[in-house]
Every structure is written in C-alpha cells, then in structure tokens.
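Visitor: Whatever this is, show me its structure:
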Amino acid sequence: MGSALANIFKITELRRKILFTLAMFVIFRLGTHIPVPGVNPAMIERLFNNGNLFGLLDLFSGGALSKFSVFAMSITPYINASIILQLLKVVIPTLDEWSKEGEEGFKKTNKVTRYCTVGLALIQALGMAYGLREAIDNFSFFSVLLITITLTAGTILLMWIGEEITQFGIGNGISLIIFAGIVSRLPDALGILYKYLQAGTVSVLSVFLFVVIALLMIAFVVAITQGIRKVPVQYAKRVVGRKMYGGHSSYIPLRVNQAGVIPIIFASSLLMFPATIAQFVNVGWLKTITGWFAWGSPIQTTLYVILILFFTYFYTAVTLNITDMSDNIKKMGGFIPGLRPGKPTTEYLDRIMSRITLSGAIFLALIALMPHAIAAITGIQGIYFGGTALLIVVGVALETMKQIESLVLMRHYQGFMK
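Guide: Modelled structure (predicted):
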C-alpha cells in the first residue's frame, strides 16, 4: 500500500494538483478565523450554545458559522442554487437542453448558477445579519449592509476556490470544501471526548462502543453508496459493409442511493424552518407549536422519516429519466433480454428503480436517525456523528480516490485502489 501511494507523488502533474488543493484548503481554514467586522463573537457563541439548531450548518462550514467569520455561510448558497436549477430542468426546457449540450451547456448552466448564488447569498446574509442583530455592536443600516456584503463576498470567494480546485486541483472542488469543513471539526470532537473521559462523565466502555458503532456505520455507508443494481443489456449485431458492429453485452448500473444526501438536506431544512422563524420572531403561539416539533421529539422524528422517504422518490424521479434511458437503449440497438424495446422496457426499469429507491430511502432514514441512536446507546452528548456529514465525507472520499486512481492509471502506474 505504501509503494502504491508513493506512485501518486512520482507524477509531477498529480503532485502539483494535490499541493494546489492543500494550499486552497489552507486559505479556507484561515478564512474561518477572520471575524466579520462589527460583530461580537462571544455573543454569537452564546446564541449557538443555547441550542443545536445551527449545529449542522456550523459543521458544514468548519466552525466558521459559530465564529461568524467571513466564511460563515460556507458554500451553502451555491449548493442551493445548483439544486434549484437541477429541479427547474423539469419545468424550463432551456435548462434541460443545456444539460444535453456537453461542455458548452455546462458553461451556460454554471454561469446561471453563479448569478443565482450571488442572489441567494445576499438574501441569506441579510437574514443572518438581521436575525443575529443582538450580537451586532452598533446595530444600524450601514452595519447590516457591511455584514451582508462581507458574508456574500466570503461565499463568492469560496465558490471561486472550489472552481479553482476543480480546474487546477484534484477535482470536485465544491464537495472538497464541504469535506474539509466537516473533517476539520474532528479534532474538536476528539478533544470533547477526552474531556469527558477526564471528568468521568463517560466510561471507557462507552467510548469503545462509540468507536465500534462509528466504524460499522462507515462500512455500512460505503457499501450502500457503492451499491448498484446491474440490469443486463444485449446489443444486436449490425452489418455495415464488410464490418460487423454490436453483438456485445453490457449492463445499466442503477444506484441504490441515487438521490445521495439531498433528501436529508431537504427534510431537515423544511423541519428547521419553523424553529428558525421562532428564534427570530417573538410570538407565543409560534414558540408553542415549535416546541411540539423540537429536534428529537416523536412528532419531529416521524415527520423527518416521512419527508426523507418522500424526497428520495421525488429527487430520484427528477434526476433520473427512465423514459430517456429506455429510448437511448432502443436508439443504440440494445434490448433487455426477455423484453421488447419501448414501453415494456420502460415499465421494467421503472419497477426496478422503485424497489431499489425504497431501499435507498430506508437507508437514508436510518442514517439520519443514527446520531440520536448513538447518543442514546453510548450516553455521549455534544459530538455530532452520522447522518448528512457521514454521507458527504464518505461520498467525497470515494469520488476523490477514484479521481486520483484515474490520474495514476493514465500515467501507466499501478493504481492504489485494490
């Protein structure tokens, strides 16, 4: 394994890509410690310690949100803009046409995504500045404007860093920024665990149990993330002149977790919305209703699971067009053994996708509820492990390994993934 990893640094181009990516990570981590002007950081930390409402967002930003630094909003507006445009492909034909134009279409879509990111960042920054007005030293129009511009500029800078990593680094720049933010919280979590052990709050057995469950969860997530259903496809033989084409067998890889982490983000965002409004609006009846949907309550947990199941099917249906897939098989002269091309093939693929999507939805629901289960089993509180963060870390790590593997194999070296 050591010699295989050494092959990575033997390639000058790959070595430069890795060093460039690490340099961008350093800039990202430095930015998380630069505070927004005119804000009291101590007051911000107290507001965050009062509840775990923004704990997940703070995890994605690598702690920048709780410090209220220039990168406090992280890359969230860009992700939201990308998801919105992806969903709008269903109702806006132009966006769907761009997605089929290859590189040129990607450039057009990316340009629109950037403009949408700026708009969403301005709205989110303005909302944060007004919502956290208690932590602003001299609350006024100009102070809110300064904070809004600073937070928006931080998000745009992160977007640029992500695109630079994609172009000059090892790829998947936006995903790697989120990955770096989540992983950077690991030392803090280990420090909290060490303090618990020193104080006698938790036992060594609880820590051991926590580690075992964490390793099992990681293995489970890797297995499901990599899991696919192979649908065999046979291509008919075609004679053109004196040459014969086709006649080979292939398969369609249908992923078990086609929707990725998006359903959990949608479900959690929808359930957090009333609580977010209640924190900023002092209305009695709204706070009472919010108490019924407190994070971890039976009502909230039930709705959480139902929404995850719904959004898994919804997002899979939006992103994976079974009809187009069936038409493409027919155009290429292929067919699924035992089925006629056209409607029978479409119905068969739709039936398979519905079944494996149910498995993926149940998997996402279990992963989303796992942090509560770990806290209940081990008794360890204050350490977030599982759910969205684990899916993102595992997914990005696997994609990055595949990216590096392909770059290594392109230079005729033995890969490092066995």
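
Visitor: Which of the residues in the one helix or strand V231 maps to are classified as buried?
Guide: Using DSSP states H and E, V231 falls within strand 228-235. Neighbour counts over strand 228-235 (16 or more other CB atoms under 10 Å) mark V231, V233, Q234, Y235 as buried. (Glycine included, C-beta is placed from N, CA and C.)

Visitor: Buried residues, the biggest helix by length in the chain. List them.
Guide: The single longest helix within the chain, with elements called by DSSP state H, is helix 343-378. Within helix 343-378, the residues scored as buried using 16+ other CB under 10 Å are 345-346, 348-349, 353, 356-357, 360-361, 363-371, 374-375, 378.

Visitor: Ok, stretch 71-87 next?
Guide: Here stretch 71-87 shows 71-82, 85-87 as buried, counting by 16+ other CB under 10 Å.

Visitor: So which of the residues you listed are in helices?
Guide: Secondary structure assignment (DSSP H) places T76, P77, Y78, I79, N80, A81, S82, L85, Q86, L87 from the buried residues of stretch 71-87 within helices.

Visitor: Leaving out chain neighbours, which residue sits closest to the fifth one?
Guide: Counting by CB to CB, 6 or more residues apart in numbering, the nearest residue to N80 once its immediate chain neighbours are dropped is L120, at 5.6 Å.

Visitor: Can you check what angle separates the helix or strand that neighbour falls within from helix 76-88?
Guide: L120 belongs to helix 103-131 when assigned by DSSP H and E. When axes from the mean of the first three to the mean of the last three CA atoms, to 10 degrees is applied, the directions of helix 103-131 and helix 76-88 differ by 130 degrees.

Visitor: List the buried residues in helix 103-131.
Guide: By 16+ other CB under 10 Å, the buried positions in helix 103-131 come out as 109, 113-114, 116-118, 120-122, 124-126, 128-129.

Visitor: How about stretch 310-328?
Guide: Across stretch 310-328, burial judged by 16+ other CB under 10 Å covers F311, T312, Y313, F314, Y315, T316, A317, L320, I322, M325, S326.

Visitor: In a markdown table, list the residues you listed along with secondary structure and pLDDT.
Guide: As requested, the buried residues of stretch 310-328 are exported to a markdown table (DSSP: H, G, I helix; E, B strand; the rest coil; pLDDT from 0 to 100):
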| residue | secondary structure | pLDDT |
| --- | --- | --- |
| F311 | helix | 87 |
| T312 | helix | 89 |
| Y313 | helix | 90 |
| F314 | helix | 86 |
| Y315 | helix | 84 |
| T316 | helix | 87 |
| A317 | helix | 84 |
| L320 | coil | 83 |
| I322 | helix | 87 |
| M325 | helix | 85 |
| S326 | helix | 85 |
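
Visitor: Farthest-apart pair in the residues you listed, please.
Guide: F311 and S326 (24.6 Å; CB to CB).

Visitor: got the buried residues for stretch 300-309?
Guide: Q300, T301, Y304, V305, L307, I308, L309.

Visitor: Quick check: which ranges of the stretch 201-350 of the chain have low pLDDT?
Guide: Applying pLDDT under 70 to the stretch 201-350 of the chain flags the ranges 237-247, 273-291, 293-296.

Visitor: can you give me the helices for it?
Guide: For the stretch 201-350 of the chain, the helices defined by DSSP state H, counting those that start in this stretch cover 204-226, 262-280, 284-292, 298-319, 322-331, 343-378.

Visitor: Make JSON lines from these and add distance to E405 to it.
Guide: Shown next, in JSON lines, are these (distance: least, CB to CB, whole Å):
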{"stretch": "helix 204-226", "distance to E405": "14"}
{"stretch": "helix 262-280", "distance to E405": "26"}
{"stretch": "helix 284-292", "distance to E405": "47"}
{"stretch": "helix 298-319", "distance to E405": "25"}
{"stretch": "helix 322-331", "distance to E405": "27"}
{"stretch": "helix 343-378", "distance to E405": "25"}
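
Visitor: wait, which of these is closest to L186?
Guide: That would be helix 204-226 among the helices of the stretch 201-350 of the chain, by CB to CB, at 11.3 Å.

Visitor: can you give me the angle the strand holding V231 makes with helix 322-331?
Guide: With the same axes, to 10 degrees applied, the angle from strand 228-235 to helix 322-331 works out at 30 degrees.

Visitor: can you give me the angle strand 228-235 makes with helix 343-378?
Guide: 160 degrees.

Visitor: what packs against strand 228-235?
Guide: Applying 3 or more CB pairs under 8 Å, 6 or more residues apart in numbering; DSSP states H and E, we find strand 228-235 packed against strand 249-255, strand 334-335, helix 343-378.

Visitor: just checking, what packs against the second one?
Guide: Applying 3+ CB pairs under 8 Å, 6+ apart, one finds that strand 334-335 makes contact with strand 228-235.

Visitor: give the contact list for the closest residue to C116 other than its chain neighbours.
Guide: Once flanking residues are discounted, C116 sits nearest to A81: 3.8 Å by CB to CB, 6+ apart. Each residue near A81 by CB atoms under 8 Å, 6 or more residues apart in numbering is listed here: T113, R114, C116, T117, L120.

Visitor: list the contacts for the closest residue to M128 other than its chain neighbours?
Guide: With sequence-adjacent residues excluded and distances taken as CB to CB, 6+ apart, M128 is closest to L151, at 6.6 Å. By CB under 8 Å, 6+ apart, L151 lies in contact with V36, V70, A72, M73, A121, Q124, A125, M128, A129.

Visitor: Show me which of those residues is closest to F28.
Guide: V70 (10.9 Å).

Visitor: What's the local residue count around that closest one?
Guide: V70 is flanked by 23 other residues according to other CB atoms under 10 Å.

Visitor: Which helix or strand contains the closest residue to it other than its chain neighbours?
Guide: Nearest in space to V70, with sequence neighbours left out and distances taken as CB to CB, 6+ apart, is G154 at 3.8 Å. Using DSSP H and E, G154 sits in helix 141-168.

Visitor: For that helix, buried residues please.
Guide: By neighbour count on 16+ other CB under 10 Å, the buried set for helix 141-168 is 143-144, 146-148, 150-152, 154-156, 158-159, 161-166.

Visitor: circling back to that earlier point, can I get the helices and strands packed on strand 228-235 in CSV with distance to V91?
Guide: Formatted as CSV, the helices and strands packed on strand 228-235 follow (distance: least, CB to CB, whole Å):
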stretch, distance to V91
strand 249-255, 25
strand 334-335, 31
helix 343-378, 21
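
Visitor: now for these, which one comes closest to A389?
Guide: Of all those, it is helix 343-378 that lies closest to A389, at 9.0 Å by CB to CB.
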